[in-house]
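In: sequence unknown, structure follows:
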């Protein structure tokens with residue numbers, strides 16, 4: 001803190017003087033501390049100064065060495081620049097020498113080419129002649145022209161030889177094509193790039209390969225049309241024809257690979273494939289058109305679409321199933337061939353715009369368009385036939401329609417999937433799901449909607465007449481058919497998923513699309529579940545409820561204010577309980593032999609639920625004493641024991657409310673109610689319902705009940 005003398009003299013306030021004094025003393029202490037710290041480091045600082053003094057002579061020596069090194073580097077740099085200049089001069093001289101040597105070599109080559117072409121042309125050695133012309137074409141004419149008249153004359157001779165060679169080469173190539181000499185064609189095709197005619201050679205070679213495809217396709221189709229109807233392959237002869245066409249085309253492409261790679265370069269494959277693919281599509285279309293005509297597919301399609309009314313008899317055409325199998329094989333072979341072409345091109349980004357692929361896809365779409373129409377008709381007609389021929393083995397719970405319909409659906413969809421066409425597979429999966437819901441389920445529901453005869457006697461086998469008994473059997477069979485078909489729908493769904501994954505495992509987009517379609521079978525399964533639920537309730541309402549309700553109703557017609565003697569007698573023999581058991585034994589239990597286990601369990605659940613709900617309503621209309629409540633509880637326990645013996649699942653939850661009502665009705669004191677509800681903690685009855693039950697006890701006062709429930 002710095003104060004001038006005038007400022008110090010001006011201080012008159014003791015507090016201000018004291019404050020300044022304290023600050024000055026603090027400042028003095030800080031200065032003292034700094035001085036002490038510096039004094040402590042004095043020895044260290046002196047040591048550092050001593051070391052610096054010792055290093056100074058060495059620094060001078062280093063400076064001198066650095067100057068010497070700088071002088072040497074500068075001299076080396078000057079020397080390197082001189083050497084570099086001389087190297088550039090030598091390189092320039094070498095370039096001139098190389099140019100002279102090249103001129104000399106070109107002149108020598110020119111001379112050899114003139115002599116070589118004349119000799120090889122005379123000896124029919126086209127490979128050597130082509131190599132001479134190739135050397136001639138690579139000579140730089142600007143460098144050696146105007147050197148000598150002989151040189152210019154040699155150029156003229158070689159030019160003339162080149163033209164004559166190309167003319168002869170074209171003639172020899174055409175002769176080899178005409179004579180079907182494949183080795184000769186390959187031999188001469190290799191020479192075109194050597195003589196600067198790569199485009200001409202590629203064009204002629206592509207046309208030759210296309211002509212081979214045309215010849216193969218026409219040969220196979222002619223042989224197919226000559227096939228006798230007695231031949232075992234007659235039903236798939238057009239599929240075999242396409243298969244052979246695609247195999248031969250693929251073989252031709254593979255064989256040409258060596259010539260193309262060695263002479264033209266791999267980048268020329270797309271152009272060759274274009275010509276070959278165009279011809280392959282033309283031959284495939286010719287085969288498909290003959291297929292349509294021979295199999296009468298157009299006529300059948302017109303009849304199905306309503307464009308024609310001309311009848312189609314089995315004598316005039318093969319079975320529709322056989323036609324569908326052949327169409328699927330044709331498309332699957334086309335898909336395999338297209339995959340081969342894609343691998344050959346190895347240009348996935350441009351495949352969609354390549355005419356060859358597009359043309360084959362168009363043909364496949366035409367094939368599958370007819371297929372979808374015929375397959376849809378086949379499914380519908382086959383299921384209608386299965387319905388009309390429905391039969392049931394007495395040892396079986398279901399009729400033939402279950403296996404027949406599911407087999408037909410499975411066969412149709414699997415066939416569509418094997419076509420290797422995603423759109424076709426999706427279309428048939430959707431059609432199959434629709435057919436199951438509309439044709440099969442609707443047919444089975446027709447029987448269910450006709451109802452179940454309710455004139456059933458206690459003995460299931462005793463029908464009032466044959467017509468009623470027949471209607472009962474049809475209803476039971478239809479219910480079992482619905483259950484079995486619903487189970488088969490889930491099996492079909494899993495099977496189709498596995499089939500799609502096997503056929504389209506590497507195509508994630510196709511699999512996603514197929515899974516979306518297959519998920520529609522979940523809706524079909526739901527339709528069958530709803531139909532089964534309706535069948536179960538219809539059966540219960542017609543055959544079970546009319547027998548249970550009158551027996552249960554007897555509960556309300558008897559008194560529940562009983563004595564100990566009455567309780568004892570009813571414990572020994574309870575007519576009401578016996579009648580309940582009798583209904584189950586003579587009406588419901590016999591159904592087990594006639595119904596699928598799942599349906600039987602549902603019938604039991606529905607019947608027990610109906611009985612407990614009806615009994616609860618009746619129980620809440622009666623008056624009880626404690627013994628009456630005890631009897632009610634014992635009756636319920638006996639029922640639970642009996643029903644547990646005929647079911648495969650726990651039924652105690654069905655009797656939970658009734659059991660709690662019986663316990664409340666059987667208490668000796670009102671305080672036991674609160675003890676019971678507190679101990680269980682899971683009472684199904686609310687306070688108002690408990691109060692309602694207690695009011696049924698004629699020996700409990702309402703005031704006491706209100707008091708105990710209110711606590």
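Out: Received the coordinates, thanks. Treat the numbers as computed from the prediction; the structure is a model and nothing was measured.
In: quick one: the helices in the stretch 351-500 of the chain?
Out: 355-388, 400-418, 422-435, 441-449, 466-503 (DSSP state H, counting those that start in this stretch).
In: Which elements pack onto the first one?
Out: Applying 3 or more C-beta pairs under 8 Å, 6 or more residues apart in numbering; DSSP states H and E, we find helix 355-388 packed against helix 269-294, helix 297-305, helix 320-345, helix 400-418, helix 422-435. All C-beta atoms are positioned from the backbone trio N, CA, C, and that covers glycine.
In: wouldn't residue 476 be in contact with residue 592 here?
Out: No: with contacts counted by C-beta atoms under 8 Å, residue 476 stays clear of residue 592, the gap being 11.8 Å.
In: Mutual contacts of the two, please.
Out: Shared contacts of residue 476 and residue 592, defined by C-beta atoms under 8 Å, 6 or more residues apart in numbering, are absent.
In: Comparing those two, which residue is more hemmed in?
Out: residue 476 (21 against 15; other C-beta atoms under 10 Å).
In: What sits closest to the more buried one if chain neighbours are left out?
Out: In space, and not counting its chain neighbours, residue 476 is closest to residue 594: 5.2 Å by C-beta to C-beta, 6 or more residues apart in numbering.
In: quick one: the closest residue to residue 406 other than its chain neighbours from residue 416, how far?
Out: Spatially, and ignoring its direct neighbours in sequence, residue 406 is nearest to residue 488 (4.3 Å; C-beta to C-beta, 6+ apart). Separation of residue 488 from residue 416 (C-beta to C-beta, to the nearest Å): 18 Å.
In: Give me the more crowded residue out of the two.
Out: Legend: neighbour count by other C-beta under 10 Å for residue 488 and residue 416, higher for residue 416 (28 against 22).
In: That one and residue 327 touch, don't they?
Out: No: Residue 416 lies out of contact with residue 327 (C-beta under 8 Å); the separation is 10.3 Å.
In: got any residues that touch both of those two?
Out: residue 371.
In: What residues of stretch 230-240 count as buried?
Out: Buried positions in stretch 230-240, judged by neighbour count with 16 or more other C-beta atoms under 10 Å: 234-240.
In: Please apply the same query to stretch 386-393.
Out: For stretch 386-393, by 16+ other C-beta under 10 Å, it's 386-387, 390, 392.
In: now, which of those sits nearest residue 667?
Out: The shortest approach to residue 667 among the buried residues of stretch 386-393 belongs to residue 392, at 55.8 Å (C-beta to C-beta).
In: residues contacting the closest one?
Out: 398-400, 477.
In: Next one: it from residue 545, what distance?
Out: For residue 392, the distance to residue 545 - C-beta to C-beta - is 27 Å.
In: for residue 404, same thing?
Out: Here residue 404 is placed at a distance of 34 Å from residue 545 (C-beta to C-beta).
In: How about residue 671?
Out: 41 Å.
In: same thing with residue 234?
Out: For residue 234, the distance to residue 545 - C-beta to C-beta - is 62 Å.
In: One more: residue 441?
Out: Residue 441 sits 26 Å away from residue 545, going by C-beta to C-beta.
In: When these two are compared, which one has more neighbours?
Out: residue 441 (23 against 19).
In: If I look at the more buried one, what pLDDT would I see?
Out: The score at residue 441 is 88. That number is its pLDDT.
In: do residue 216 as well
Out: Listed pLDDT for residue 216 reads 91.
In: Next: residue 679.
Out: 62.
In: can you check the one 4 residues further on too?
Out: As summarised for this prediction, residue 683 has a pLDDT of 73.
In: State the distance from it to residue 371.
Out: For residue 683, the distance to residue 371 equals 65 Å [C-beta to C-beta].
In: Then residue 262?
Out: Here the criterion is C-beta to C-beta. By it, residue 262 lies 43 Å from residue 371.
In: Between those two, point out the one with more neighbours.
Out: The neighbour comparison of residue 262 against residue 371 (other C-beta under 10 Å) goes to residue 371, with 26 against 11.
In: Name the helix or strand for the most centrally placed residue in the chain, please.
Out: In the chain, the centroid-proximal residue (C-alpha atoms, centre = their mean) is residue 511; its distance is 2.4 Å. Following DSSP states H and E, one finds residue 511 within helix 508-518.
In: Which residues does the helix or strand just after that helix contact?
Out: Going down the chain from helix 508-518, the next helix or strand is helix 520-539, by DSSP H and E. In this structure, residues lying in contact with helix 520-539 by C-beta under 8 Å, 6+ apart are 429-430, 433, 436-437, 441, 444-445, 448, 451-452, 475-476, 478-479, 482-483, 485-486, 489-490, 492-493, 496, 599, 602-603, 606.
In: Nearest to residue 332, out of the helices of the stretch 351-500 of the chain?
Out: For residue 332, the closest of the helices of the stretch 351-500 of the chain is helix 400-418, at 6.2 Å, according to C-beta to C-beta.
In: The closest one - contacts with which helices or strands?
Out: Contacts defined by 3+ C-beta pairs under 8 Å, 6+ apart place helix 400-418 against helix 320-345, helix 355-388, helix 422-435, helix 466-503.
In: Residue 373 reaches residue 302, doesn't it?
Out: No: the pair residue 373 / residue 302 is not scored as a contact, 10.3 Å apart, by C-beta under 8 Å.
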